[in-house]
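K.L.:
Have a look at this prediction, sequence included:
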Amino acid sequence: MTNTPYIFDEFFSSGLEESISPFLEKSSRSWANNLTLKNAIVSGIFLLGAFIFHFYYINLSHLCLLLVYFLSGTPALLHTIEDIKNLEINIDVLMTLAALLSFIIGSQMEGGLLLVLFAFSGAMERAVSNKSRGALHHLNHLSPTIGTIVEEDGTLYQKAVREIDIGTHLLVKTGEVVPLDGIIIDGRAFVNLVHLTGESLPISKKVGDDIQAGSLNLDGILTIEVTKTSSESTLSRIIRLVSEAERMKPHLQRFLDKFSKRYAIAIILIFLFIALICPLIFPISFLGEKGAIYRALTFLIAASPCALIIATPTAYLSAISACAQHGILLKGGVMLDALAKCKMIAFDKTGTLTTGNLTCVEVECLSDTTDIALDEALSIAYSLEKHVTHPMAKAICMLAEEKNIKPIPITCFELVAGLGLKGVVNGIVVKIGNEAFVHPQIPVKKGDEMVSFLLVGKTLFIFRFLDTIRSGAIETIKKLKEDHLQLAMLTGDHEGSANTVAQAIGIDQIYAELRPEHKVKIVSKLSRKRALAMVGDGINDAPALTRANVGISMGKIGSATAIAASDVVLLQDDLSLIHYLYKKAHQTVKVVGENLVLALGVILLASSASLFGFVPIWLAVLLHEGGTILVGLNSLRLLKS
């Protein structure tokens, strides 16, 4: 019984369906799964029985039909009464009205068919929506509600995650999910971050490493010190972003939501006109299968825009879910529309197109004659630079290690702050650093490139550096060019370095030596000419990300300011996802278009034919519900990679 409060906490905070309710016994919970679909299936069986028994046992047929109206009609009627109380005339009201009138005019079998198919359609729509929201539901399920607290004396007890404070020590066993962000203070393990970043490769975590909520402990036992509360954790932030994305509806979806209410009222008015006024004007009887009331009822069913209403939300939710599974968080389906319209993408350089880490790309001797080989010069430089942590020093050490070059013993080592390093090798004075420190007598033409100089006796060497290009950047730029997108690079770096990176990656438009306010002006100027997406990672990129039509930030290395200012977050900092996202945006727009054409086509075909008495009620029902199901299934195609 001690865990009972936590079970209830989990249920009420989950937002999931009633099948996990603690009020139900375990043996009963399976009955609550997909309850609406099960109810529709049972109703369908009774409807089939009513149709068969109609030819043999009429009373048994009536009993089966009564059960159909009870099982499928009661929920529909209750919802309709609630809607009418709230003065809402919507699609559910139209369907319930159509079923009731079918019963009144003697078409009980058709009314039962309408209720059963409407129940099936509702269950399918709910299943499609749940499938589309799979990422959020999975994250909610993934997020633990209980944490195991470790006291100073080693005592263990459980506590609701939302009540755990910063500084608390938590125990995370093998196979458990980390409940809150923290720092590892004991233990070592491989963890899987696939739910947070889309990257399934296990990552080794040890004492002193940060670990995010939602990480799956694969093989060790960890003790962590909580650094963020439940509401501030990485997983909670992701869940909020996905939830906000679902609530931010695209313009077309908002229009259809408003349109549906007016449309429903208009259809009811047309129905009343056909049923009551047309027989007074045209030679049509009120009753009968060709009569005005029957035609009006068929029109009411055929013209109900269920397929039209779900055409957009199911498509956008499916796309948002697919992106979330790849580690892409969108702040609303509206971002997909905006991105599909973009004709240009602007990239920040450092931290976005490049990693921000330098690579030593060339070692050159600048003296006319020398007895010192380049590998020996690199060995001397390695010996000096291994004592410091400067980015250029790291790049030189990395190059030496890649070439398997060993350091040479150094004596009289000295660090000259802000200038460079010096020492003695085999009685020869050696220096490495900037030009003013190493070789001030004879200026060297170096342009805007990043360089460092090494002086061995009287022999001068130059080391050239390049900001390391991010993995996948070149291939991504190539693919985006193939999609006829214009590409630009915006950077605060000097022009020479910017040109070198741009040339290596394949970007033609370059804007260098920009301050944050300059980036905003450039983005504003480019946005006026064409729809523009901006990709960045730093605090200095935040204003430009906000000003662009679509702001895309790098979530793993990006600043909190840039992430907050952006419309799309790449959790894994994988640039190849930009091309995937651009393709997904266009695919979503295409599917939405297909859905609208399909829905409108079915409505126009069935409703116009019903006015002339060409379509019976049962066929109108099949066309209406069939169109709704087809639209939902078409939207689910967006869940595929």
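P.N.:
That came through fine. Note that the structure is a prediction, hence the values are computed from the model and not measured.

K.L.:
who touches the nearest residue to residue 99 once chain neighbours are set aside in this structure?
P.N.:
Spatial nearest neighbour of residue 99, chain neighbours left out: residue 111 (4.5 Å); criterion: C-beta to C-beta, 6 or more residues apart in numbering. Every C-beta, even on glycine, is put in place using the N, C-alpha and C of the backbone. Shown in contact with residue 111 (C-beta atoms under 8 Å, 6 or more residues apart in numbering): 69, 98-103.

K.L.:
Spell out the residue ranges of the strands in the stretch 1-150 of the chain.
P.N.:
Along the stretch 1-150 of the chain, counting by DSSP state E, counting those that start in this stretch, strands occupy 146-150.

K.L.:
got any ranges where it has weak pLDDT?
P.N.:
Within the stretch 1-150 of the chain, the stretches with pLDDT under 70 are 1-34, 89-91, 121-122, 124-143.

K.L.:
still on that earlier bit, gap between the residue nearest to residue 99 and residue 95?
P.N.:
To residue 95, residue 111 is 10 Å away according to C-beta to C-beta, to the nearest Å.

K.L.:
Start and end of stretch 483-491, how far apart?
P.N.:
24 Å (C-alpha to C-alpha, to the nearest Å).

K.L.:
Show me the contact partners of it.
P.N.:
The contact list for stretch 483-491, computed with C-beta under 8 Å, 6+ apart, reads 342-350, 353, 477, 480-481, 498, 501-502, 505-514, 519, 522-523, 526, 530, 534, 544, 579, 582-583.

K.L.:
again, but for stretch 282-302
P.N.:
By C-beta under 8 Å, 6+ apart, stretch 282-302 touches 94-95, 97-98, 101-102, 105, 107, 114, 267-268, 270-272, 274-276, 278-279, 603, 606-607, 609-613, 615-617, 620-621, 623-624.

K.L.:
Verify the stated contact: residue 108 with residue 100.
P.N.:
No - with contacts counted by C-beta atoms under 8 Å, residue 108 stays clear of residue 100, the gap being 10.9 Å.

K.L.:
which stretches of the stretch 51-200 of the chain form helices?
P.N.:
With DSSP state H, counting those that start in this stretch as the criterion, the stretch 51-200 of the chain has helices at 58-68, 74-85, 91-104, 108-132, 134-142, 194-197.

K.L.:
do the same with the stretch 301-450 of the chain
P.N.:
Along the stretch 301-450 of the chain, the stretches classed as helices by DSSP H, counting those that start in this stretch are 306-310, 313-325, 334-341, 374-385, 391-402, 435-438.

K.L.:
Quick one: the contacts of residue 111 as TSV, columns for distance to residue 214 and neighbour count too.
P.N.:
Output for the contacts of residue 111, formatted as TSV (distance: C-beta to C-beta, whole Å; neighbours: other C-beta atoms under 10 Å):
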residue	distance to residue 214	neighbour count
69	47	22
98	47	28
99	46	29
100	49	18
101	52	20
102	51	26
103	52	19
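
K.L.:
Switch these over to a markdown table; also include distance to residue 292.
P.N.:
Shown next, in a markdown table, are the contacts of residue 111 (distance: C-beta to C-beta, whole Å):
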| residue | distance to residue 292 |
| --- | --- |
| 69 | 25 |
| 98 | 15 |
| 99 | 19 |
| 100 | 18 |
| 101 | 12 |
| 102 | 15 |
| 103 | 18 |
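
K.L.:
The longest helix along the chain - contacts with which helices or strands?
P.N.:
Secondary structure assigned by DSSP state H gives helix 576-611 as the longest helix of the chain. Judged by 3 or more C-beta pairs under 8 Å, 6 or more residues apart in numbering; DSSP states H and E, the packing partners of helix 576-611 are helix 292-303, helix 306-310, helix 313-325, strand 328-330, helix 334-341, helix 473-482, strand 568-570, helix 617-635.

K.L.:
Helix 292-303 and that helix, what's the angle between them?
P.N.:
Orientation of helix 576-611 against helix 292-303 (axes from the mean of the first three to the mean of the last three C-alpha atoms, to 10 degrees) gives an angle of 170 degrees.

K.L.:
quick check, distance from helix 576-611 to the centre of its chain.
P.N.:
Once both centres are worked out by C-alpha atoms, centre = their mean, to the nearest Å, helix 576-611 turns out to sit 21 Å from its chain's centre.

K.L.:
Run the angle between that helix and helix 473-482 for me.
P.N.:
Using the same axes, to 10 degrees: helix 576-611 against helix 473-482 is 30 degrees.

K.L.:
Now do the buried residues in helix 576-611.
P.N.:
For helix 576-611, the neighbour count (16 or more other C-beta atoms under 10 Å) marks 576-582, 584-585, 587-589, 591-592, 594-596, 598-599, 602-603, 606-607, 609-611 as buried.
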